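Visitor: Compute the structure for the input listed below.
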Amino acid sequence: MRSSTETDNMSKLTVKLDFEDFPDLYTCRGANRSPPIRVEGILPEVRSLAILATASPRDGPARVAWILWNLPVVPLIPEGFPGEGVVKSPLHAVQGTNDFGGIGYRGPCPEPGEGEAYLFRVYALDRDIEAAPGATWDEMLRAIRRSLRQSGEAVAFATR
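Guide: Predicted structure coming up:
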């Protein structure tokens, strides 16, 4: 990635979710659909977007819940990406393998009485990246090196 000085000077994206507490639709209790994500402040030189979502339970390490890249530059990333490596709808994109062993989005699924925080990071890149469908977060991270122009994040919580 970039040095901390370069990252600190990087223009930030504004990333917004339509909720602070997960509706069941976007969790394992519901349809387990990927949520819509709003992105504002995209620079003109940006050519593609990428997403990393991490799940952080109260008593455990963060785990990768969703990796998506080569999204077109749009102000609204729609909900409902299917669990496929190469996605044609709702937008064309490529997805990686999450830490739960699947390709695509894995929504919150806390145990009764527990909770999870989900951090959605959006990366704005100056090109599409070359990473194979099903790639891991580490592989995607290596692929976006030197292409990152902006980033931003939003957090939501799930309890049960």
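Visitor: going forward, measure contacts between C-alpha atoms and count neighbours the same way
Guide: Will do.
Visitor: how about the nearest residue to the residue sitting furthest away from the middle of the chain, chain neighbours excluded?
Guide: The centre of the chain is farthest from one residue, G113, which by CA atoms, centre = their mean lies 25.9 Å away. Of all residues not flanking G113 in the chain, R160 sits nearest, at 5.5 Å (CA to CA, 6 or more residues apart in numbering).
Visitor: likewise V64?
Guide: Distances taken as CA to CA, 6+ apart place T54 nearest to V64, at 4.5 Å, with adjacent residues excluded.
Visitor: phi, psi of the one you found?
Guide: phi -120, psi 140 (degrees, to the nearest 10).
Visitor: Same question for D138.
Guide: In this entry, D138 is assigned phi and psi values of phi -60, psi -40 (degrees, to the nearest 10).
Visitor: What about it, how many residues nearby?
Guide: Look at D138: counted by other CA atoms under 10 Å, it has 8 neighbours.
Visitor: Which helix or strand lies directly C-terminal to the lowest-mean-pLDDT helix or strand in the chain?
Guide: Lowest on mean pLDDT, DSSP states H and E among the helices and strands of the chain sits helix 4-9, with a mean of 43. Scanning forward in sequence from helix 4-9 by DSSP states H and E, the next helix or strand is strand 14-16.
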